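Chemist: Need a 3D model of the following:
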Amino acid sequence: MLTFRFGKIPVQVHGSFFLTMLLFSAGNLRNPGLVVGWIVAAFVGVLMHELGHAYAGRLFGLSPAIQLHGMGGLTTWIAGKRISPAKQIVVSLAGPLVGIAVGLPLLLLAPKLSLSPMQAALLDGVIFVNLGWGILNLLPILPLDGGNIMASLFVIVSPKRGEAAARFVSIGVGVAVGAFALYSGVLFGGILALLYAVRNFQALRAGRKAEVDEVPLAAAMAEAYAALERQDGATAIRIAEPILLQTSSDELKVTAIRVLAYARMLEGQWGHVMAILERFSPVIGAEDLGKFERTAEELGRAEDARRIRQLRLVEEGGVPA
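Modeler: Numbers count the residues shown, from 1 in each chain. Next comes the predicted model:
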């Protein structure tokens, strides 16, 4: 995993991101230069898209963290602050607009340029990553940006039923787009659209079964803290893991992540500890990362201590050793 900061924004790049981009360029494997150019263009384009979300969120007081993974990019918010649906629309729209602002001028300029076949192919890739993905992201399908914009609009109109209405629309559009893509021979896009439709259907079913009550979850989290204090990591894990999956509260999610990291360490499950720290280092923060680093050193886990030190330096705004 590659970790760095863009200004004050932590960025994590998973190996699966580069693997997916390599698969996208499978037809050009005989031309390594074109493959490398495509991967670089995809990396820069997706990162710029997520930075659009991130900087829009910062305008509203949010603390963003970016991940690039096998399905593209994701901007999450470290702090538990909530913003209004209108502001959520601005944040959701910012990502695609960055790509469109880059890709549209290039599309208009391309016919006027004298390019070699390889240069033309690279330019097509840059245009597709920025303009093409930017437009596709505006489809009204959750969790795409267009779906999030639609959901925010529906919530403004009907705070209680807006999200459910957005999921119904997402199912219909997802099935229609998926079927059309498969009929047109776009296998990956078709499968992805249908997967989004299935995910929205599952979310609707889960929402109808029961709304998660945050009060019992908060009480359960207090029990998990008590288990940590008495050095009972197994009980803390048993309590905190379901809370992380069930809660819709950002604050409870952050708390559950921290409890799980400490509980896994108590149980000596360092593989799980490192997975949590690497995925959620912006949530855990430099101070707690320092504690994990010192513990790893005391236990003679030099490699784990080195990896945690890199994460801590990134959170402190320094350069990983």
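Chemist: Identify each buried residue in stretch 220-230, please.
Modeler: Using 16 or more other CB atoms under 10 Å as the test for burial, stretch 220-230 gives Ala220, Met221, Ala224, Ala227, Leu228. The C-beta positions use only the backbone N, C-alpha and C, and glycine is treated the same way.
Chemist: Can you tell me the SS state at Ser16?
Modeler: Here Ser16 is helix, with the state taken from DSSP: H, G, I helix; E, B strand; the rest coil.
Chemist: Quick check, it in contact with Gly70.
Modeler: Yes. Judged on CB atoms under 8 Å, Ser16 makes contact with Gly70 at a distance of 3.3 Å.
Chemist: Could you give the number of residues near the nearest residue to Val46 once chain neighbours are set aside?
Modeler: Closest residue to Val46 apart from its sequence neighbours, by CB to CB, 6 or more residues apart in numbering: Gly73 at 4.6 Å. Gly73 has 22 neighbours, counted by other CB atoms under 10 Å.
Chemist: And the one helix or strand Gly73 maps to, what's buried?
Modeler: Assigned by DSSP states H and E, Gly73 belongs to strand 72-77. Going by neighbour count (16+ other CB under 10 Å), the buried part of strand 72-77 is Gly72, Gly73, Thr75, Thr76, Trp77.
Chemist: picking up where we left off before, show me the contacts for the residue nearest to Val46.
Modeler: For Gly73, the contact set (CB atoms under 8 Å, 6 or more residues apart in numbering) comprises Val46, Leu47, His49, Glu50, Ile66, Gln67.
Chemist: how does it look with 10 Å?
Modeler: Residues in contact with Gly73 (CB atoms under 10 Å, 6 or more residues apart in numbering) are 11, 13, 17, 43, 45-51, 53, 66-67, 95, 133.
Chemist: ok, His69 to Thr75 distance?
Modeler: His69 sits at a distance of 12 Å from Thr75 (criterion: CB to CB, to the nearest Å).
Chemist: so what's the residue nearest to Val46 scoring on pLDDT?
Modeler: Model confidence at Gly73, given as pLDDT, is 86.
Chemist: What's opposite it in the beta bridge?
Modeler: Beta-bridge pairing for Gly73 (DSSP bridges): Leu68.
Chemist: Make JSON lines from the buried residues of strand 72-77 and add distance to Glu316 to it.
Modeler: Output for the buried residues of strand 72-77, formatted as JSON lines (distance: CB to CB, whole Å):
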{"residue": "Gly72", "distance to Glu316": "28"}
{"residue": "Gly73", "distance to Glu316": "24"}
{"residue": "Thr75", "distance to Glu316": "21"}
{"residue": "Thr76", "distance to Glu316": "20"}
{"residue": "Trp77", "distance to Glu316": "20"}
